[in-house]
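Visitor: Build me a model:
(one chain, ligands or ions: 1)
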Amino acid sequence: MSANTLEVRGLTVHYRTLFATIKAVNKVSFDVPKGSIVGLIGESGSGKSTLAQSLVLPKPPMHIVDGSAVLNGDIDLVKIGPALRRKILLKKVSIIPQYVLDALPVIRKLRVFLHDLAVEKDVDPKELEKIFVERLNMMNLPEKVLDMYPLELSGGMRQRVAIAIATLFNPSLLIADEPTSALDVVSQRYVLELLKDLRDSGIVESILIISHDISSIRQIADRIVVMYGGKIVEEGPIDEIISNPLHPYTKMLIKAIPPKGVHYTTTRLEGVKGVPPNLAAPLPGCVFHPRCPYAVKRCFTDEPPVVTLANGRRVSCWLYYEVRKE
Ligand SMILES: Nc1ncnc2c1ncn2[C@@H]1O[C@H](COP(=O)(O)OP(=O)(O)OP(=O)(O)O)[C@@H](O)[C@H]1O
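Guide: Sure, this is the predicted structure:
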């Protein structure tokens, strides 16, 4: 049996449009160990949502060029056909999408939606409704939500209802795409704690949580995977990466986290200078070299190797290739 809920290897995903091919995800490999919460971090446009969608519902113009994403050691999520995909969605893998209304029945009351879902998944509608009510209780939502339309709910309630639906069948892997980005600070904390409770109670085995905000993810993630320009530049245990980031991009992301009590009106915070890469025409060499203060000649021409370090840390940067050789 695999020690990982998910093993992604060499995953490469493009968008083929009339005007260009966007190389959104490029030879990405990482694991989601069983029982873990893994944070996928990176600025806007780094390929996080594309990676998530390619695992759950790849559709044109998205095109999976290469690689695999094996769930529970036996189902390759990027190679299965539509029938098996329909069967395992919600039951083995579930997503809370970035735009949560996409996942909710806008013109149907939740009770009706649940009934139709039970029929589709071949389970007893009464039993499914019972599980939904249990989830509502866990999420501090009243039972009357069953007779509401999702549009009648506040943003925070909608997010919790989407989580309740996504976890109805106790999936092995829950993917949460920016689950807190549209919420106020109190709701953000609530949703993050809820996700952790779902993992701790075994309702979901593992979680892949996507965010551009490393400071919110650090509250619940065990590991993080840092993406830049469609590639993974660094990964490892969250505490080690926060206290000792290695890749120049991760260093900049962490420097941009405001210390406790600091406000942008009184203190100038450092962001990541420069612009993200053009994924339709990527430059040779390291994807980060145009913004990297440490770039040397080789970074402009050759792709950096992935260097494996102690404690399950990996970094893709020429600086550490030299360190390892010494
Ligand atoms: N449907 C699409 N057609 C063509 N290009 C797309 C499509 N969706 C995304 N892209 C491109 O793919 C690249 C990666 O985008 P993606 O949304 O995966 O990044 P992200 O890290 O999730 O960013 P964000 O946090 O803003 O959602 C970007 O260059 C984006 O413009």
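
Visitor: Report the rounded mean pLDDT for stretch 100-114.
Guide: Stretch 100-114 shows an average pLDDT of 84 in the prediction.

Visitor: again with stretch 63-80
Guide: Stretch 63-80 comes out at a mean pLDDT of 96.

Visitor: contact partners of it?
Guide: Residues outside stretch 63-80 that contact it (Cβ atoms under 8 Å, 6 or more residues apart in numbering): 1-2, 4-16, 27-29, 54-56, 58, 84, 88, 92-93, 172-173. C-beta: built from backbone N, CA, C; applies to glycine.

Visitor: Can I get it as CSV, trimmed to CA atoms?
Guide: The C-alpha trace of stretch 63-80 is given here as CSV (Å, rounded to 0.1, in the frame of the first residue of the first chain):
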residue,chain,number,x,y,z
HIS,A,63,-4.4,19.5,-22.3
ILE,A,64,-2.5,17.1,-20.2
VAL,A,65,0.8,16.6,-22.1
ASP,A,66,2.6,14.2,-19.8
GLY,A,67,3.0,12.7,-16.3
SER,A,68,0.8,11.0,-13.8
ALA,A,69,-1.1,11.7,-10.6
VAL,A,70,-1.8,8.5,-8.8
LEU,A,71,-4.5,8.4,-6.0
ASN,A,72,-4.2,5.8,-3.3
GLY,A,73,-1.6,3.9,-5.2
ASP,A,74,-4.0,2.8,-8.0
ILE,A,75,-6.0,5.4,-9.9
ASP,A,76,-4.1,7.7,-12.2
LEU,A,77,-6.3,10.8,-12.1
VAL,A,78,-4.9,12.3,-15.3
LYS,A,79,-5.5,9.2,-17.4
ILE,A,80,-8.9,7.9,-16.3
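
Visitor: right, is it up against the ligand?
Guide: No - shown here: stretch 63-80 not in contact with the ligand (Cβ under 6 Å from any ligand atom), separated by at least 10.3 Å.

Visitor: Report the distance from that stretch to the chain centre.
Guide: Taking Cα atoms, centre = their mean, to the nearest Å, one finds the center of stretch 63-80 at 16 Å from the center of the full chain.

Visitor: again, but for stretch 99-110
Guide: Computed by Cα atoms, centre = their mean, the chain-centroid distance of stretch 99-110 equals 21 Å.

Visitor: From start to finish, how long is that stretch in a straight line?
Guide: The first and last residues of stretch 99-110 sit 18 Å apart, counting by Cα to Cα, to the nearest Å.
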